[in-house]
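**Student:** Sequence and predicted model, in that order:
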Amino acid sequence: MTTHSWHHRRWLAALCAVSLLLPAAPTALRAAEADQGTAEPVRIVHAQALTPTTIQFTLSGKLTSLEPSDFEVQAALGDWNSLNPQLNSDYTIKSASLGTDAQGRSVVTLETAQGLNPDATFTRTHAENPKSVPYLNATYYTGDRAADIQQADNLLTWQMDHGGWYKMGDKYKRAWDGTEAKSDWKAPDGTELGTIDNNATTNEILFLSVMYKETGDERYRDAVLRGFAFLEKLQYASGGWAQVYPARGNYSDHVTYNDNAMMRVMNVLSMARDRKYPFNSSLLPEGAEQKLAASLDRGLDYILKSQIAVNGKLTAWCAQHDPVTYEPRGARAYEHPSISGSESIEIIKYLLALPEQTPEVKRAADSALAYFEASKLSGIKYVSADPNNVYFVPDPATDTWYRFYDIATNLPIFSGRDGVIKHNILEIEAERRNGYRWAGSWAQKLLATVKSTGYYEGRVYVKIAGSASQTAQGGGLAVGDLERIEDGIRPSLTLVEPGRKTGNHYNVDGNSISLKGTVSEKAAVQVNGAEASVGKDLSFSSGPLALHPGRNEFTVTAVDRAGNTSDPLRVNVVPTGKTRK
């Protein structure tokens, strides 16, 4: 798993250094305290796994004595979409030793009874609970088999010919009567529209996938595959998803982040690509993963290209964007082109969860996080439909963001049905003032999670849990300090013997060979500098390697996602002069 540079509190310090809009960096504040004679608590600077059972971390100061019980190794059991890591102290520390680095700081090495994966993660066991499927918001599943089958059968009757569903709500509790409209929206030619608005279509795909896994009913599988085909029709060539299909002829045809429509689609497609429950059955045809991956790659490309830049600085996203130009677009009269304080959150969460952290993805996520940190109303709570007509009230436990920000000035946007932009909520009519959610604490939990754990699914942490260890500075340990364990484990290579072993070389027949073997984790493998192919089972195979008479020396190396390089594997091959038959 690639390191996320923003995963701990030092993330905020780095951002503060490049933005005058942010408060002074915590490191600077601590330095000022030190100048005034205040001893700074010792924190964890960096943690990494050197082997699956060896964890090493550097402290910000020096210990004069070490009490191993001051430190815990914790695993995150929670799902990312909940922003609740559910840290659990499942790891037993067998031994601890103390060292010092070149800067005089203490380095603690722990040996654990339980091992990490070769990439410093752990394998989470996912419970297959049909009542808590991620992103399934409809209360379709009851646990009563007969009722659930009836519900699934009802949904089949409401699916439209193009494969989508509308947002019919309670109507889906019964079967379609054969004559009523299946959608409240129609295209100009009269075709009923399917949509991804208000969780429509994705809810039905998820529930019917659950029911296919439980019953094996091919009707449910067919409906799910038609639903996926509908989502494919919704995706523009540029990568974004429209809200409806066919085209409605209004703002619904824009690429729609509004109400998290596009991000729900991408998260469901990601579950299907990875064959996570409820897609871990025979539901998807062979080769579906590649098609889904290509669709998700186009979606990511659209996200990166549609991020709004102001004076050359990336911010966040609008609720709708143009499918061709990527420009922000408005919707209803009171929903103007703007920077969204709500919909941008799910986009950031998606970026943070990507295992392949390209520089473009990192820049987009870091910039958006910095924007939300700079734009927050600290200690302010928004009261929707406030009977006191205040709407924004002091609350030290709450940070708030506006629903819409003016792109040029970053001022809040409030607007009535007349479409006139105001910057004061009291200047718009009471009906819109109280009938729309103009602000919320949308980014608060995300920012707090990023600063404490960062992306945490399958990740392991070192925590300071006690203060018995003595520090040279006298400030003690920063109890509660948490640091994610990064991958410092070097990949290892195992070779399939290419021929008959004779001394320190192999005798082989023929004038060429292909070196094969396995690598301990996902990594790029090279043979004499040329890329070898690596399969899902971590087996590798080089291309044909020409042999000349006498000794031929080959060097095999592997580099994992974290940049750790294996010990070189050197292979000497001598051709016998015989031709393979």
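**Tutor:** Great, that's in hand.

**Student:** And stretch 267-282, end to end?
**Tutor:** This stretch, stretch 267-282, spans 20 Å end to end (C-alpha to C-alpha, to the nearest Å).

**Student:** correct me, but D197 touches Y245?
**Tutor:** No: the pair D197 and Y245 does not pass the contact test of C-beta atoms under 8 Å, sitting 11.5 Å apart. Backbone N, C-alpha and C define where each C-beta goes, glycine included.

**Student:** Pull the contacting residues for S542.
**Tutor:** S514, L515, K516, V527, A530, A532, V556 (C-beta atoms under 8 Å, 6 or more residues apart in numbering).

**Student:** do K381 as well
**Tutor:** Contacts of K381 by C-beta under 8 Å, 6+ apart are F392, V393, P394, D395, T398, T400, S441.

**Student:** out of these, who has the most neighbours?
**Tutor:** Counting neighbours by other C-beta atoms under 10 Å, T400 comes out on top of these with 22 neighbours.

**Student:** What are the boundaries of the helices in the stretch 51-200 of the chain?
**Tutor:** 145-158 (DSSP state H, counting those that start in this stretch).

**Student:** how about the strands of it, start to end?
**Tutor:** With DSSP state E, counting those that start in this stretch, the ranges of strands along the stretch 51-200 of the chain come out as 54-59, 71-76, 87-88, 93-100, 106-112, 194-195.

**Student:** same for the first one, what does it pack against?
**Tutor:** With contacts defined as 3 or more C-beta pairs under 8 Å, 6 or more residues apart in numbering; DSSP states H and E, strand 54-59 has these neighbours: strand 44-51, strand 106-112, strand 482-487.

**Student:** partner strands of the shortest one, parallel or antiparallel?
**Tutor:** Each strand paired with strand 482-487, and its direction, by DSSP bridges: strand 44-51 (parallel), strand 460-464 (antiparallel).

**Student:** sorry, back to before: with the contacts of S542 in mind, which one is nearest to D170?
**Tutor:** Taking C-beta to C-beta as the measure, D170 lies nearest A532 of the contacts of S542, at 56.9 Å.

**Student:** ok, that closest one - how many residues close by?
**Tutor:** Other residues lying near A532 total 22 when counted by other C-beta under 10 Å.

**Student:** Where does pLDDT dip in the stretch 451-581 of the chain?
**Tutor:** Low-confidence segments of the stretch 451-581 of the chain, defined by pLDDT under 70: 579-581.

**Student:** Please repeat the previous calculation with a cut-off of 80.
**Tutor:** Applying pLDDT under 80 to the stretch 451-581 of the chain flags the ranges 577-581.

**Student:** Quick one: the strands in it, in order.
**Tutor:** Using DSSP E, counting those that start in this stretch, strands in the stretch 451-581 of the chain cover 460-464, 482-487, 493-496, 500-502, 505-508, 512-513, 516-519, 523-527, 530-531, 533-534, 539-541, 545-546, 552-560, 569-575.

**Student:** between the helices and strands packed on strand 54-59, which gets nearest to R500?
**Tutor:** Of all the helices and strands packed on strand 54-59, strand 44-51 comes closest under C-beta to C-beta, at 33.5 Å.

**Student:** how far is that closest one from where the chain is centred?
**Tutor:** 22 Å (C-alpha atoms, centre = their mean, to the nearest Å).

**Student:** Report the inter-axis angle for it versus strand 54-59.
**Tutor:** Counting by axes from the mean of the first three to the mean of the last three C-alpha atoms, to 10 degrees, strand 44-51 points 160 degrees away from the direction of strand 54-59.

**Student:** Alpha carbons of strand 44-51, as PDB, please.
**Tutor:** Below are the C-alpha coordinates for strand 44-51, written out as PDB (Å, rounded to 0.1, in the frame of the first residue of the first chain):
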ATOM      1  CA  ILE A  44       6.200   9.400  17.300                       C
ATOM      2  CA  VAL A  45       7.900  10.800  14.200                       C
ATOM      3  CA  HIS A  46       7.800   7.800  11.900                       C
ATOM      4  CA  ALA A  47       6.900   4.100  12.100                       C
ATOM      5  CA  GLN A  48       7.700   1.300   9.700                       C
ATOM      6  CA  ALA A  49       7.700  -2.500   9.600                       C
ATOM      7  CA  LEU A  50      11.100  -3.900   8.800                       C
ATOM      8  CA  THR A  51       9.800  -7.500   8.700                       C
END
